[in-house]
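Chemist: Please work out how this folds:
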Amino acid sequence: MLQRLTFDNITLSGGAGSGKSLLRENLMFLLSPFGFRFISTGQIVRDLTHDNIMPSAEKVSSEFDRKQEDKVFEILAHEQFWVIDGWLAGWIARDLERTLRVLVINSDDNLRAKRIASRDKVSLNEAFSMMKEREEKNFAKWEKVYGAKDFFDPNYYHLVVDTAKYGPFATVGQVLDKFGVHPRDYQGQEITEKQ
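Modeler: The predicted structure follows:
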């Protein structure tokens, strides 16, 4: 049996085109066989608004934001083996010591826009405009809702991963190393709760 010593859960935070969805998918492939569960708060918003192309926070009420973030906090505070992908997931969990908070960034805006253009089937120029507009609107709304400004302050996070500098496998490796386990550890074993 493998004992996980450091963290119970993982949050993945980052802006549009940062690569957090791909990171979540790769972690899902490795961790779901061992009982990990996954939530994307962005997908919850997409499902609610029926908008699959860059839905912004302004499309849902502030009450919805607060309820969703309260749910994220409750899951992370009282349960184990969750990976939650959401722009504010790490910030919401900032006081939870046993949640590994990962900030996923992409320092190459061109690459970010290319990812968005490919995913949302829009032109590169549209992707740049959508990316900038969404971030401005989201952060303006959240500043009003939460009374905070810098949701991506690295001080809130245990790990900052730049997907412009590291490929998907290296990115996953950084997260799992920080979490305290490695995929090679999983062969023939199951993860147990801390004793």
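Chemist: Report the distance from stretch 149-162 to the chain centre.
Modeler: Computed by Cα atoms, centre = their mean, to the nearest Å, the chain-centroid distance of stretch 149-162 equals 11 Å.
Chemist: In this structure Glu69 contacts Ala93, no?
Modeler: No - Glu69 is beyond contact range of Ala93, at 9.8 Å (criterion: Cβ atoms under 8 Å). (Glycine included, C-beta is placed from N, CA and C.)
Chemist: Specify which residue of the two has the higher count of neighbours.
Modeler: More neighbours surround Ala93 than the other of Glu69 and Ala93, with 27 against 20 (other Cβ atoms under 10 Å).
Chemist: which residues does that one contact?
Modeler: Residues near Ala93 by Cβ atoms under 8 Å, 6 or more residues apart in numbering: 9, 11, 72-73, 76, 99, 101.
Chemist: who does the longest strand that the chain contains pair up with?
Modeler: Ranked by number of residues, the top strand in the chain under DSSP state E is strand 99-105. Note on strand 99-105: by DSSP bridges, its sheet partners are strand 9-13 (parallel), strand 159-162 (parallel).
Chemist: helix or strand right after the first one?
Modeler: Remark: after strand 9-13, the chain's next helix or strand is helix 20-31, criterion DSSP states H and E.
Chemist: which residues sit against the next helix or strand after that next one?
Modeler: Counting by DSSP H and E, the next helix or strand C-terminal to helix 20-31 is strand 37-40. For strand 37-40, contacts defined as Cβ under 8 Å, 6+ apart pick out 21, 24, 27-28, 32, 72, 75, 81-86.
Chemist: Now stretch 116-136: buried residues?
Modeler: Going by neighbour count (16 or more other Cβ atoms under 10 Å), the buried part of stretch 116-136 is 116-117, 122, 126-128, 130-131, 134-135.
Chemist: Cross the residues you listed against helices and list the overlap.
Modeler: Residues of the buried residues of stretch 116-136 located in helices (DSSP state H): 116-117, 126-128, 130-131, 134-135.
Chemist: before we move on, the earlier item: will you turn the buried residues of stretch 116-136 into a markdown table that also has pLDDT and distance to Ser62?
Modeler: Shown next, in a markdown table, are those (pLDDT from 0 to 100; distance: Cβ to Cβ, whole Å):
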| residue | pLDDT | distance to Ser62 |
| --- | --- | --- |
| Ile116 | 89 | 25 |
| Ala117 | 92 | 30 |
| Val122 | 92 | 28 |
| Glu126 | 93 | 28 |
| Ala127 | 92 | 27 |
| Phe128 | 92 | 28 |
| Met130 | 89 | 22 |
| Met131 | 89 | 23 |
| Arg134 | 86 | 17 |
| Glu135 | 89 | 18 |
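Chemist: and which of these is nearest to Leu159?
Modeler: Glu135 (21.4 Å; Cβ to Cβ).
Chemist: now the longest strand of the chain and helix 20-31, what's the angle there?
Modeler: Going by axes from the mean of the first three to the mean of the last three Cα atoms, to 10 degrees, strand 99-105 is angled at 140 degrees with respect to helix 20-31.
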